[in-house]
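>>> have a look; sequence and predicted model below, questions after that.
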Amino acid sequence: MNIEKYDEIRASLPAGVCLVAVSKFKPAEDIAALYQHGQRVFGENHAQEMKAKHEVLPQDIEWHFIGHLQTNKIKYIAPYVSLIHSIDSFDLLKEVNKHAVKNNRVIPCLLQFHIADEETKFGFTFEECEAMLNDPGFIELKNVEIHGVMGMATFTDNMEQVREEFQHLHQIFQELKNIYFAQNPDFKEISMGMSEDYPIAIEEGSTLIRIGSAIFGPRNYNV
């Protein structure tokens with residue numbers, strides 16, 4: 001783990017930008033060390049792995065779920081998750097609401113948009129999102145709150161393409177804010193930017209950057 005790099009990133013962040021330390025595939029010991037250094041927000045993309053870590057680590061950690069969420073895994077994170085970044089369908093949002101009701105919680109969520117030039121990425125199109133927001137059933141979901149948007153840029157060395165994709169997500173955020181969430185002060189988050197491209201993301205309006213390998217080092221997928 002690179003504490004010096006962590007300190008460098010933290011020191012460079014403008015006011016209003018939150019660092020989500022992406023701890024997937026990393027042991028609880030690494031998370032505990034960064035927690036002792038002052039970090040409180042951690043991101044995971046496997047529900048059962050996040051549950052196991054939540055059970056053994058300090059209870060004031062804010063756990064963000066950042067990966068593709070399967071409906072049958074919501075039960076593992078619903079009791080404690082602080083923010084779900086990756087709502088990519090109306091059906092998923094309805095299932096999260098259902099589990100939030102069971103846990104007597106209101107779960108904050110971000111709407112994930114497909115902004116990359118890659119078929120493997122998940123996310124709404126703008127038209128799909130509008131259809132959901134205009135559906136009468138959306139208003140009935142009382143145990144979820146939409147706090148903003150999330151997107152993943154194309155995995156490429158072309159930083160101009162990455163910048164354009166981040167600009168696109170910011171434009172989506174602004175349109176949704178103006179049309180659907182103008183009266184909602186909680187709709188304020190744009191989750192974009194990872195280890196390779198977070199400076200560009202911040203320039204283009206990101207409020208949540210998801211940093212893993214720059215802090216924790218290369219992932220060990222066999223953990």
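In hand now; what should we look at?
>>> centroid residue for the chain?
His85 (3.0 Å; C-alpha atoms, centre = their mean).
>>> need the helices for this protein, in chain order.
Using DSSP state H, the helices of the chain run over 3-12, 28-36, 47-56, 74-77, 90-102, 126-133, 136-139, 159-179, 198-203, 213-216.
>>> quick revisit: so the residue nearest to the centre of the chain makes contact with Phe65?
Yes: with contact defined as C-beta atoms under 8 Å, His85 reaches Phe65; the gap is 6.6 Å. Glycine gets a C-beta too; all of them are placed from N, C-alpha and C.
>>> find the residues that touch each one of those two.
Residues within reach of His85 and of Phe65 at once, by C-beta atoms under 8 Å, 6 or more residues apart in numbering, are Gly43.
>>> closest to Cys109 out of the helices of the chain?
Minimum separation from Cys109 across those (C-beta to C-beta) falls at helix 90-102, 6.5 Å.
>>> how about residues contacting the closest one?
Applying C-beta under 8 Å, 6+ apart, the set of residues contacting helix 90-102 from outside is 69, 71, 74-75, 78, 84, 87, 106-107, 109, 131-132, 135, 137-138, 141-144.
>>> make it 6 Å
Outside of helix 90-102, the residues within contact range by C-beta atoms under 6 Å, 6 or more residues apart in numbering are 71, 74-75, 78, 87, 107, 132, 141, 143-144.
>>> so which of those belong to strands?
Here DSSP state E is the test, and the contacts of helix 90-102 give 87, 107, 144 as lying in strands.
>>> tell me the pLDDT of the residue lying farthest from the centre of the chain.
Farthest-out residue of the chain from its mean C-alpha position, per C-alpha atoms, centre = their mean: Pro136, at 26.0 Å. If you check Pro136, the pLDDT there is 96.
>>> picking that back up, now list the buried members of the contacts of helix 90-102.
With burial judged by 16 or more other C-beta atoms under 10 Å, the buried subset of these is 74, 78, 87, 107, 132, 141, 143-144.
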